[in-house]
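A.B. asks: structure for the following, please:
(chains A and B)
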Amino acid sequence: MHKFFWLIPILPLLGSALIGLFGKKAGKPAVSALAVGTVAGSFALALFAFFAMKAAPGSRIEINYFEWMAVDTLKVPMGLVFDPLSCIMALMVSGIGALIHLYSVGYMWEEEGFARYFAYLNLFVFFMLTLVLGSSLPLLFVGWEGVGLCSYLLIGYYFETDYAPAAGLKAFLTNRVGDLGMVIGMMALFAHFGTLTVGELLTRSGHLSPELGFGVITFATMMMFVGATGKSAQLPLYVWLPDAMAGPTPVSALIHAATMVTAGIFLVCRLAPLYQLAPITLTTIAWVGAATALFAATIGLCQRDIKKVLAYSTVSQLGYMFLGLGAAGFAAGFFHVFTHAWFKALLFLGAGSVIHAMHHEQDLFKMGGLKNKLPITFWTMLIATFAIMGFPGFSGFFSKDEILYLAYLKSPVLWAMGLIGACFTSFYMWRLMALTFWGEPRDHHAYEHAHESPWTMAAPLAVLAAGSLFAGWWGVPEAFGGHFAVGKFLAPSLTFGQTHAAHGHHEGPAILLALISTSLAIAAGLWGFFSYRNGIAVAEARGAKWPILHRILFNKYYVDEGLEKVVLGPTRGLGNILWKVFDVIIIDGIGVNLPGALARISGDFIAFFQTGRVRNYALAMTIGALALLWIFLK
Amino acid sequence: MLTNWINTHLLSILVFAPVLWGAFLLCFPERQAPLVKLLALLGALGIFAVAVFQMFHLTPDPTGVFLAEHHPWFSVVGLPVDYHVALDGLNFWLVLLTVFIVPLTLLGTWNSLKQRAGAAIALFLMLEGAILGALLSQDLLLFYLFWEAMLPPMYFLIGIWGGADRKYAANKFLLFTLAGSLLWLVALLYIASKAGSFAPVLMTQAALALPFKTQCTLFLAFALAFAIKVPLFPLHTWLPDAHTEAPTAGSVILAGVLLKLGGYGLLRFAVPIFPAAALHYAQPLAILSVIAIVYGALVAMVQSDIKKLVAYSSVSHMGFVVLGVASMTVVGTQGAIFQMLNHGISTGALFLLVGMLYDRAHTRQIADFGGVAKRMPIFTFFFLVVTLSSIGLPLTNGFVGEFLILNGTYTSGFGWGRAIAIVATLGVLLGAVYLLWMVKRVFWGPENPREDSGTAHLHSDLNAREIAVMIPIVVLIFWMGLHHRTFTAHSEAPVIKLLSEAKAPAARPAPLAHAPEAAPHRQPEEAH
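C.D. replies: Prediction:
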């Protein structure tokens, strides 16, 4: 079986190429079968790989196919690595990916660019699988930039509009800012360790003497984290994710909620033993995560676009994951990736179902009363809402509570930030649910035409709902009598057999903290629900009461406007100055054209005397002779 | 008998066949232009086929030379000049790149030239011969002759077939290059007189015997000529004008091959002949390169003409080449050689694509476009792939080159290596900014509403001929990105040898600026 594992990423690539070349002629059914089939095939193979990995010594299989880069000491193989971390990610990507492909068949059926859409989406799965399975940092980076490309293409899927290409460009460029961090981090690691394959890096870091190289490791891990903030939309590079909602909704579910945006967390986990050696970086990560979690949640409170609410919610939830990582709870942070993938994908697909039913209406203030019209969507989204608010027993409860608990151990302030963010989360989610499904329909025309989605869309919702219900039971924390099985499962990847990465014993009032956070979240949820259950009157009254606060939150703290003024405008200005002043005036004007002009003028001046008339020359000779005479006689 | 002669003169045939074929094509009257085009294409394809067929049958001798021709030629002021051409690891792929790009360009610009097309094509073939001659020369005076021989064809291509401001651009191109090469000629004659020969190996020994300051001066004269060709900031301003005014074929060959001679000259002659001075000036060179990278990118960003944008992107990308050479590491230098190939393919392809767009729309202003993707989906696909290669997306060629150069710079010996490498990464970001921003404005969005807009003139997507031109380029982009060993294996040994000799103790400057009595005698083994 081992010799087929390379097909895990390659199958979707093949699908993408075939669909891209022949999709338009082959027709929609063939495209659908190929797109869903290749991803499902990857999932099946990934399952085999998973069990092979479990049976392998050290829970790790590394297969290198050929040398990709090999110059002097810089050697990078094309290879895949299967360990608990990469296998679980590969299963998530291909599994949830297959579901969302299936959903997309229904969602995109009417679109003219059906084949193009699936070519991109399959390509995305290829790059995402390369990212998680790659055996070296440069190969991980292939996937990293590749998913960025697919994200760019899919956000800009509606390329004939003004806003979608702009959003795609913004996503790509913001991500590239982070990618510079990745490249710099790789350079620093290569200069220090002389290798870029993950296995060797982690092995060599295990033999590091404390006085040597911790500065380098802090620098390198910090730079890698900059990359992570770009891809995983953390402060200050989160700006692209809300705009990314310009893409089709299944794309938002797959790329901008469940898989790609968690790549940053994956990266930190992949290098967890290195991060263990860099306490300063970890503290930074914790604070950035907590700040993002809180900041994005406040913006989510006031948004009217259903997808924007979910986008800011994603930014906020990613912040929780980083908070967990920063508190040295790599397993806890990753566990939240796992649970979040189910319920956030479900929320987006549910939102997509609503938007589909409402004929592309995304404004929450124009929905309402859809509970009975869209029963499957309603019930599945309800489960996801319970999961994301952290209602006991649902998946989000276990993962979020573990993170908050670890944050408390690191600093009570971090815990408080997380707690407030959790209350906001609960509030905006119930606001969203109430505005969508309860109350009177506010747009009667759209309401009349609303209809439940076809089975291709409903079936994935059901599967994801099951995941949102039960995924959390994989990691019941020790405080609740569980074994935190996910931590033990991931241990081979996260510690890489190194002792200094071992976990200390948890101490602290775990049950009490959970009680506080859960009851507060439920209270906030109830408040949100009852404020909006009967329509938007309460909201408008509240907005009128605090106009400035409302405007700031509604306009997302004016960050985009600030960026344009402080970063983009001046950069363009600098480019113009360099061009029009330095190139045109200084180099060309003074350096090139001025000597040219001088040569021409002096030539003209001398040519003035070359008249060709004898009398002029005779005059010149006379003057010259007189001058000589005067000089000699003086 | 004849086969024997051919086999021993393959390189000369490679150099002079295009020149003679071009001269032959000049004899045709203007109304025969279609025939001339066809003959030129067949000739260029034939040269490409012969080169590929022969070169892959060759194995290098122990010194890394695949093929060589060496005859004494004439003497100038007592200095013997040899006709010495050789194909070795350093020029192998650049030669192939040249013979590859020429037929592609001819095919890609088939209908672009309206007036006196035959003469332009003949000049174009002669230019190919001069470039190949320069690449293959092992004797410095021979190199100089071919180097100067590249000027007239390009000068006329720009000056006669160029755009509105062609005369200014052609003069600027000529004067910039001449100014550099005249100083270089003086330095060249000086060091040749010391060495008693124009052979680089003897020059290296002679240079070591000179005072360090003299070595530095000579190195700077060499470097200046090559830096103008690259072109390195602040000597770059001829390039945007030349590119913008030149006909598409001229731009392609200029970006594709001609600029490479600058980086190649640095690597082939300036560094090996004056290793101590090269090490001494490595850091300033690296700083200038990094300025070029960022500067070129920033200026490219604000251009309103697509072709000028691509021209400035050349300044940025070629900055990476010099940075790699200046890093004086094997990784960086290999990256530089690879980046030269990359830039030849990607930027050459960008100029071809811009030419295809211009042939249809008769404008290159970004503001005249918008919504091109809807009208020309195939063109958009190719443009996007080439753009992605140009911004260094992994799995394409651009990434490997930049990654190697950045890592080489980061690990280079000089003091600011890390800082320089970190600043240079900005070029990777800005590359994405200017190219994808342009792509957004030209290809995406609603169609340009103006009636006389460029988009409104786009009635046809790429035809079979144009697709046939783009396919080999796309194949190469991914091949180079996936398996760069094909393209760097040959140059690995020469680069290691070159750098280890350059860094060997014998090449270090004497602490005092005294000329040693005799040149330190160096054994080749010492290098390893």
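
A.B. asks: contact partners of the lowest-mean-pLDDT helix or strand in chain B?
C.D. replies: In chain B, the helix or strand scored least confidently by mean pLDDT, DSSP states H and E is helix B:2-8, which has a mean of 80. When contacts are defined by CB atoms under 8 Å, 6 or more residues apart in numbering or on different chains, helix B:2-8 is touched by residues B:13, B:69. Just so you know, the C-beta spots here come from the backbone N, C-alpha and C atoms, and that holds for glycine as well.

A.B. asks: low-confidence ranges in the chain?
C.D. replies: Let's take chain A. Counting by pLDDT under 70, the low-confidence segments of chain A come to A:1, A:208-213, A:497-508.

A.B. asks: wait, chain B
C.D. replies: Along chain B, segments meeting pLDDT under 70 span B:1, B:505-528.

A.B. asks: strands of the stretch 1-150 of chain A, residue ranges please.
C.D. replies: Here the stretch 1-150 of chain A has its strands, by DSSP state E, counting those that start in this stretch, at A:61-71, A:74-82.

A.B. asks: identify, out of the ones you listed, the most deeply packed stretch.
C.D. replies: When the strands of the stretch 1-150 of chain A are scored by mean count of other CB atoms under 10 Å in any protein chain shown, the highest mean neighbour count falls to strand A:74-82 (a mean of 22).

A.B. asks: which secondary structure elements does it sit against?
C.D. replies: Applying 3 or more CB pairs under 8 Å, 6 or more residues apart in numbering or on different chains; DSSP states H and E, one finds that strand A:74-82 contacts helix A:28-55, strand A:61-71, helix A:114-133, helix A:137-155.

A.B. asks: and the angle from it to helix A:114-133?
C.D. replies: Calculated by axes from the mean of the first three to the mean of the last three CA atoms, to 10 degrees, strand A:74-82 forms an angle of 100 degrees with helix A:114-133.

A.B. asks: got the contact list for the residue of the stretch 301-450 of chain B found nearest chain A?
C.D. replies: Nearest residue of the stretch 301-450 of chain B to chain A: residue B:444, at 3.5 Å (CB to the nearest CB). The contact partners of residue B:444, taken as CB under 8 Å, 6+ apart, are A:156, A:159-160, A:164-165, B:370-371, B:373.

A.B. asks: so in chain A, which helix runs the longest?
C.D. replies: When chain A is parsed with DSSP state H, its longest helix is helix A:163-193.

A.B. asks: hmm, that helix touching chain B?
C.D. replies: Yes - contact of helix A:163-193 with chain B (CB under 8 Å from any CB of the partner chain) involves A:164-166, A:168-169, A:172-173, A:176-177, A:179-180, A:183-184, A:186-188, A:190-191.

A.B. asks: what is the neighbour count of the closest residue to residue B:257 other than its chain neighbours?
C.D. replies: Distance criterion CB to CB, 6 or more residues apart in numbering or on different chains; nearest residue to residue B:257, sequence neighbours excluded, is residue B:98 at 4.9 Å. As a burial measure, residue B:98 scores 28 neighbours (other CB atoms under 10 Å in any protein chain shown).

A.B. asks: equivalent analysis for residue A:161, please.
C.D. replies: Residues within reach of residue A:161, counting by other CB under 10 Å, total 15.

A.B. asks: who in the stretch 201-350 of chain A is up against chain B?
C.D. replies: Counting by CB under 8 Å from any CB, no residue of the stretch 201-350 of chain A sits close to chain B.

A.B. asks: at 10 Å instead, please
C.D. replies: Residues of the stretch 201-350 of chain A found near chain B (CB under 10 Å from any CB of the partner chain) are A:219, A:223.

A.B. asks: what about the helices in the stretch 201-350 of chain A?
C.D. replies: A:214-231, A:240-243, A:249-253, A:263-270, A:272-276, A:279-300, A:306-326, A:330-357 (DSSP state H, counting those that start in this stretch).

A.B. asks: for the stretch 401-550 of chain A, same thing?
C.D. replies: Secondary structure of the stretch 401-550 of chain A, counting by DSSP H, counting those that start in this stretch: helices at A:412-437, A:444-449, A:455-470, A:485-495, A:510-532, A:537-545, A:547-554.

A.B. asks: please identify the most buried of those.
C.D. replies: A comparison of the helices of the stretch 401-550 of chain A by mean neighbour count, using mean count of other CB under 10 Å, puts helix A:412-437 on top with a mean of 23.

A.B. asks: now for that helix, which elements pack on it?
C.D. replies: Under the contact definition 3 or more CB pairs under 10 Å, 6 or more residues apart in numbering or on different chains; DSSP states H and E, helix A:412-437 sits against helix A:279-300, helix A:306-326, helix A:330-357, helix A:375-389, helix A:395-410, helix A:510-532.

A.B. asks: repeat that for 8 Å
C.D. replies: Going by 3+ CB pairs under 8 Å, 6+ apart, helix A:412-437 lies up against helix A:279-300, helix A:306-326, helix A:375-389, helix A:395-410, helix A:510-532.

A.B. asks: on that earlier part again, could I get the helices and strands packed on strand A:74-82 as CSV with distance to residue A:22?
C.D. replies: Formatted as CSV, those follow (distance: least, CB to CB, whole Å):
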stretch, distance to residue A:22
helix A:28-55, 8
strand A:61-71, 27
helix A:114-133, 8
helix A:137-155, 19
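
A.B. asks: need these in a markdown table (columns: distance to chain B).
C.D. replies: Shown next, in a markdown table, are those (distance: least, CB to the nearest CB, whole Å):
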| stretch | distance to chain B |
| --- | --- |
| helix A:28-55 | 17 |
| strand A:61-71 | 5 |
| helix A:114-133 | 9 |
| helix A:137-155 | 4 |
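
A.B. asks: roughly how far does the residue in the stretch 101-250 of chain B that chain A sits nearest to sit from residue B:301?
C.D. replies: Residue nearest to chain A within the stretch 101-250 of chain B: residue B:237 (4.9 Å; CB to the nearest CB). Separation of residue B:237 from residue B:301 (CB to CB, to the nearest Å) stands at 17 Å.

A.B. asks: contacting residues for residue A:53?
C.D. replies: So residue A:53 contacts A:59-61, A:82-84, A:87 (CB under 8 Å, 6+ apart).

A.B. asks: still on that earlier bit, buried subset of the contacts of residue B:444?
C.D. replies: When the contacts of residue B:444 are checked for burial by 16 or more other CB atoms under 10 Å in any protein chain shown, the buried set is A:156, A:159, A:164-165, B:370-371, B:373.

A.B. asks: from these, pick the one nearest residue B:68.
C.D. replies: Nearest to residue B:68 out of those is residue B:373 (CB to CB; 50.4 Å).

A.B. asks: confirm that closest one sits in a strand?
C.D. replies: No - Residue B:373 is assigned helix when assessed by DSSP: H, G, I helix; E, B strand; the rest coil, not a strand.
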